[in-house]
Each structure stands twice: as structure tokens, then as C-alpha cells.
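1. just the structure for this:
(3 chains)
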Amino acid sequence: MSTPPGILTIQQPLPLAFVRGEAVHQRPDDLYIPPDALEVMLDAFEGPLDFLLYLIRKHKFDIVDLPVNEITLQYMEYIDLMQGLNFELAAEYLVMAAMLAEIKSRLLLPKHTQHDDDEHDPRAELIRRLQEYEIYKQAASELDSLPRDERDYFTARAALADNFSPLVILPEVELSELVMALKSIMQRAKDFQHHHIKREHLSTRERMSRILDLLQQRQGYLLFEDCFEYSEGREGVVVSFLAILELTKEKMVELTQVEAYGQIHVKLALEQS
Amino acid sequence: MAQKINDIQLLQLIEAAIFASEQALSVAELQASVLQRFTVSKSRIDATIRQLQHDYSARGIMLLETASGFRFQTRPELSDDLAQLWPERSARYSRAVLETLALIAYKQPLTRGEIEEVRGVTVSSQIMRTLLDRGWVKVVGHKEVPGRPGLYATTAVFLDYFGLKSLSDLPPLPEFTELTADLLPTVEMTGELH
Amino acid sequence: MAQKINDIQLLQLIEAAIFASEQALSVAELQASVLQRFTVSKSRIDATIRQLQHDYSARGIMLLETASGFRFQTRPELSDDLAQLWPERSARYSRAVLETLALIAYKQPLTRGEIEEVRGVTVSSQIMRTLLDRGWVKVVGHKEVPGRPGLYATTAVFLDYFGLKSLSDLPPLPEFTELTADLLPTVEMTGELH
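-> Just a heads-up that it's a prediction; the model follows:
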């Protein structure tokens, strides 16, 4: 035990600091903090570990060879002072004070043997924590010095040209949705039975659309024979023929024949004015 | 107080400022912000901007002067490809749209009035617009009744989209096949010819 | 289907896309968007990006690769002058935020309790909120201990913000040789103070 036993008695409201076992009667200038600045100072620390590191660095102590007594005294001095001034101390500072006091008391207890089986240096845990904290404290400051967005550089962007228009992805529709839609209409419309739909009929409806479309393109006139695609064979001819009959019946087209066995014309029905 | 800045630094600073700014920057704004600690005449800034415009004359972006100042913007020819960066998914079609399309598909050609008659509700212009814009239906003629309403039919685009070779490939509706053929005049007609 | 594109058009298109995009663009994103209608190999895109990096090597901006892709950014030397564009903006963060972020960056994934253990103080919800809101960290899982606390890790946004391509680009952690597993015996031996 290199620390003089007398140290315990020097825990006064205004104790002296002990640096490496030597009493320092005058507070080092760089460590002196006016009491009214204490609270501000405490705010500048990220917690008791940070504050302890500050005290250790100021004293140029080696963490690994941490003189717990001295640093504990320093720490307690500030804590006492701040409590005396009714500063609100974060709980962590008091926990640390308790921990330091405990370490100190254990160090002060006389050792029975040179190496108590498994008894670790009570400072070990504190030293480990101080070192680990210091690593991340420094890592944080290195992180802060990395060039970063919005401070060291800014994203360079260009506006879109005036003719830009967004690409709109149109909704997908499944064939089954169409069938479902029609079924739901059928369920609603009682008289839907009148609107018969089946395969053969559908090809007729399609041909009706095609003939009307063709008529539009040909200024409303078609030769009857132009309505037939002979390459489609007999079936196709029948479908076209049905389509023309249906169109005529629904008064969408008119059929005209100027003379017997002459050309039959298909024309869009005249507007009834 | 005011410092000197060489031409290269001036060009880099103005270039970076215009790129970094969300809004277009005027010469006055450049002078009041990034150039405030330098002595740079307006004519020197103008010359620098001309130099930049020249530098970017054959690139994917260009330096443009707008009412509020200078800004970089993408070359207009690239707009169609750039649109692929932000595709917008439009909302799914409403039941009204699907029902209207189904009726046109199975009952074409027919008028809007006829669609309304079957659906029992008004078919809005918006619905017809949606289907016309999509290229799935078109007006193939006019019905010779008062008002000459357009007759709607499906298109080749419609068939392609649904992977159909013709309308007769549309799924049959089982309920209908149960109906007896002699119920309906059209079917009778079909029957005669078969 | 896929079209050809010449080298100049390819360069302009990639250049414009990176400039127009809000986020950094990866090669895969370029392929899936602006380049989707063209046949362009990855090596040709890489070569084009190298060409762009060369083109911008002496300009006020540069093409940088970060974790999520490529983006143009202003040259760091210009930042003091450019900051005049946003006199009110501040990019300063408290030490508490930075220490918490450093712990998550280097020791991830870890819980808030583990951060508190190292820092020796409570980590306020405000600090975690700041980091989560910036998108720099996120909860990637839960530790199987009572309370199942969230495990925090850094994100690509964090890497992008600090201009890093991956976590391995972080500055190496300052080392304490004593901090290795055999620390405790060493300390016991230095126990002359007993």
C-alpha cells in the first residue's frame, strides 16, 4: 500500500488533491473550475466516465496504472461541491462516486495474502470501462471528422427537362376479372337473359365491330363482297354474313342494290334528320 | 477583406453552387452567397457562366438560364428514358370500368346508353375516357337513333393485352350456355345457318 | 427488342440519370431503369462511369461511389463557400449522438443497454430518435434476453451520408493493446499499489 493511511482523514470539504501519492496543496490552474461554472462544465461531459477521463488526462495519469485514491478524491470533491451547491446531479455521477468509494475501500483493506486466489484488482473493471469508453469517444470524434454530406459536400443535382413527363404504369387486368365483372352485372340485371352471349355469337359481334370500323375508313361505303375475307373459309364467310344481317337489323348499316343481281352496297345508316 | 480567386476556382465554385442549389441561382445570388468573400465583377461571372454553358454543350445535362437564374437540367431528348427512373403506378381500375369493358367485349358494338341500360347506372365520361386512352376500345360507328350515339367496340390492342386471337377466345359464360337457344332471336338466326 | 446505343448517348444518359436521381444509383438500378431498353453490358457501364469520373476530375463536382451507388457531389474544398447558400443550415451533432452512432457503427448489432454500459450514462430516447429519423440506424432484430431489447445497426443511408462504400471503410478503431482478453492478469501484475 503506497498510499499513506492518513489520506482518509483528509477528506474535508476542501480537500487537497493527491497526485501519485503526493499531496498537492494548490489546485493546478488548469483544473480550477469556478463553482458557478461547475454546472456548465458538467454539461460538457458525456457522463461520469467522460468526466473521470478528463480528470485523469489533466493529471497526466496513466489509466493502466490508475491511482484510484487520488482520482477518487478529485471526483468526490467535485461531486460534493456540486451537491453543496444544490446542482442536480445525474444519477450516473452518484453511481460512479459510490463505485469509486467501494474500490478505494477495498484497496485500503489489508491483504491477507500476496495473491488472493481469484480476487481481481478492484480497479480492473473501472480501468476496462474507462479504456473502452475512451476508444469510442475517440472513434466518435473521428467519425465527426469524416467528410460528410451537408457539411463537407453537397449533392450535385440537375433538374429535369421541361418536356419530362412521368411514366405511368397502367393497372393490370386479368381476363378472369372481366368475366367476374360480367357475372356480377348478370346477377344484378334481371333482364340480362335478353342479352345472350356465347362463342359463335361473340365472333359475330366482333365481325360487326370490324365491318363498322372498315366503313368508317371507307367514308361509309363498302361493296358487299369487301365484307368477306375469303381466306377465312366457309366459317368466316358465314360469320361476316351474320354480322351484316345483325348490323342491318340493329339499323347500324343499310344494304342497297340498285338493280337485280347488281352490286350490293353496304353503307352506314343515314342520319335521320 | 475581399479575396482574389483565379478563373479555375471561380468556375468550380459557380458550377458547384448551381449544382448544389435546389433553386436556380441568379448572378446576384451567386455574388451574395458563395462569392461574397471574393472580388469578382459581374462581367467575369457572366464569362464564367458562358464557359460553363460551353463545357456542358455536349453532355447529358445543360446549363440553362431561366427567369430566376441559372440551373442545370437534363437534355430534353433523354426525358423518355429518364422517365423509367420514377415509374408511377396508377390505381387499379374500378368495378365500373371493368364492367363497362366486359360489356363492350361481350356485346360489341354497343352504345353508352346500352351499357347504362344493362348496368342500371350512368356510365361516366371518365370511364369511357379510361378505356379509350388505354386503347382497349374505340368508336367504330354511330347508331342511327336520335343523337347518333357512338358505337363502342374492342380493339386489337385489347385482344393483344389479354392474349386473345379473337373475341371468340373470350371465356364463355357458363350461365349463358344453359339458356335454351330458342329464347333469343339472334340465336335462332345463328341456328338457322348452322 | 433491346436497342443499340452508342457510347456518347450512353454516357449522356447515365450522366443525366445520376444527376436527376434523388438517391445514388447503382449499376443494377441503371440497368433496370434508364438502360432497360438497351443492350448494354455491365462492363460497358463500368467503363462509362470511369469515363465520367475522369471527365469530372478537375471540375467543381465529382462522381463518387458510395454504399448505394453513384452520385455527383461538390468538391469538399468548396464546402465553406458553398455553405453560404444555406446560412441557417447546421450539420453539427452533439457528442452524445456521435458517441452513440460510433458505438453502433463499430459494435453493431447492439442494444441500447449495451450502449449505455459503455458510455456510462443513459442513452436518451431523443438520441435514438435522432439517429432513427436520419435513417442512419435501424432495429435489425431483438436480443433474446428479458424484455427482448432491439438490436441496432447502421444503414446504407449512414454509409452514403459519410461517403463510405462499406463499414470496412470506417477509420480503424483506436487500439488499446491492454484491452485484449488477457487484460485482467496484466492489471493484477501492475498491482504494486496494493
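2. immediately after the host helix or strand of residue A:41, which helix or strand?
-> For residue A:41, the enclosing helix or strand under DSSP states H and E is helix A:35-44. Next in sequence after helix A:35-44, counting helices and strands by DSSP H and E, comes helix A:48-58.
3. that following helix near chain C anywhere?
-> Yes - judged by CB under 8 Å from any CB of the partner chain, helix A:48-58 and chain C are in contact via A:48-50. For glycine as for every other residue, the C-beta is placed from the backbone atoms N, C-alpha and C.
4. tabulate the CA atom coordinates of the helix or strand just after that helix in CSV.
-> The C-terminal neighbour of helix A:48-58 among helices and strands, as given by DSSP H and E, is helix A:68-84. Only the C-alpha atoms of helix A:68-84 are listed here, as CSV (Å, rounded to 0.1, in the frame of the first residue of the first chain):
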residue,chain,number,x,y,z
VAL,A,68,-7.6,5.3,-7.6
ASN,A,69,-7.3,7.2,-4.4
GLU,A,70,-6.2,10.4,-6.0
ILE,A,71,-8.8,10.3,-8.7
THR,A,72,-11.5,9.3,-6.3
LEU,A,73,-10.7,12.3,-4.1
GLN,A,74,-10.8,14.6,-7.1
TYR,A,75,-14.0,13.2,-8.3
MET,A,76,-15.6,13.3,-4.8
GLU,A,77,-14.5,16.8,-4.4
TYR,A,78,-16.4,18.0,-7.4
ILE,A,79,-19.4,15.9,-6.6
ASP,A,80,-19.6,17.2,-3.0
LEU,A,81,-19.2,20.7,-4.3
MET,A,82,-22.0,20.3,-6.8
GLN,A,83,-24.2,18.7,-4.3
GLY,A,84,-23.4,21.5,-1.9
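5. low-confidence stretches in the chain?
-> No chain specified, so I'll use chain A. The model of chain A has pLDDT under 70 over residues A:1-40, A:86-87, A:110-120, A:189-201, A:270-273.
6. the intended chain is chain B.
-> Applying pLDDT under 70 to chain B picks out residues B:1, B:173-194.
7. all strands for it, in order.
-> Along chain B, the segments classed as strands by DSSP state E run B:61-66, B:69-74, B:88-89, B:110-111, B:137-142, B:150-154.
8. and what of the stretch 101-250 of chain A?
-> Secondary structure of the stretch 101-250 of chain A (DSSP state E, counting those that start in this stretch): strands located at A:168-169, A:221-223.
9. so which elements touch the first one?
-> Using 3 or more CB pairs under 8 Å, 6 or more residues apart in numbering or on different chains; DSSP states H and E as the contact criterion, the elements in contact with strand A:168-169 are strand B:88-89.
10. now the longest one
-> Strand A:221-223 is packed against helix A:199-217, strand A:264-268, with contacts defined by 3+ CB pairs under 8 Å, 6+ apart.
11. chain C: which of those is closest?
-> helix A:199-217 (29.1 Å; CB to the nearest CB).
12. that closest one and chain B in contact?
-> Yes - judged by CB under 8 Å from any CB, helix A:199-217 comes into contact with chain B at A:199-206, A:208-210, A:212-213, A:215-216.
13. residues in contact with that helix?
-> Contacts of helix A:199-217 with the rest of the structure, by CB atoms under 8 Å, 6 or more residues apart in numbering or on different chains, involve A:221-222, A:226-227, A:239-240, A:242-244, A:246-247, A:252-253, A:266-268, B:106-109, B:138, B:140-141, B:151, B:153-154, B:166-168, B:170, B:172, B:186-187, B:190, B:194.
14. now stretch B:41-51
-> With CB under 8 Å, 6+ apart as the criterion, stretch B:41-51 contacts B:7, B:10-11, B:14, B:27, B:30-31, B:35, B:63, B:70.
15. what sits against the residue nearest in space to the middle of chain B?
-> Nearest to the geometric centre of chain B sits residue B:88, at 9.3 Å (CA atoms, centre = their mean). Neighbour list for residue B:88: A:166-169 [criterion: CB under 8 Å, 6+ apart].
16. which among the residues you listed gets closest to chain B?
-> When these are compared against chain B (criterion: CB to the nearest CB), the nearest one is residue A:167, at 3.9 Å.
17. isn't that closest one up against residue B:87?
-> Yes - taking CB atoms under 8 Å as the definition, residue A:167 is a contact partner of residue B:87 at 4.6 Å.
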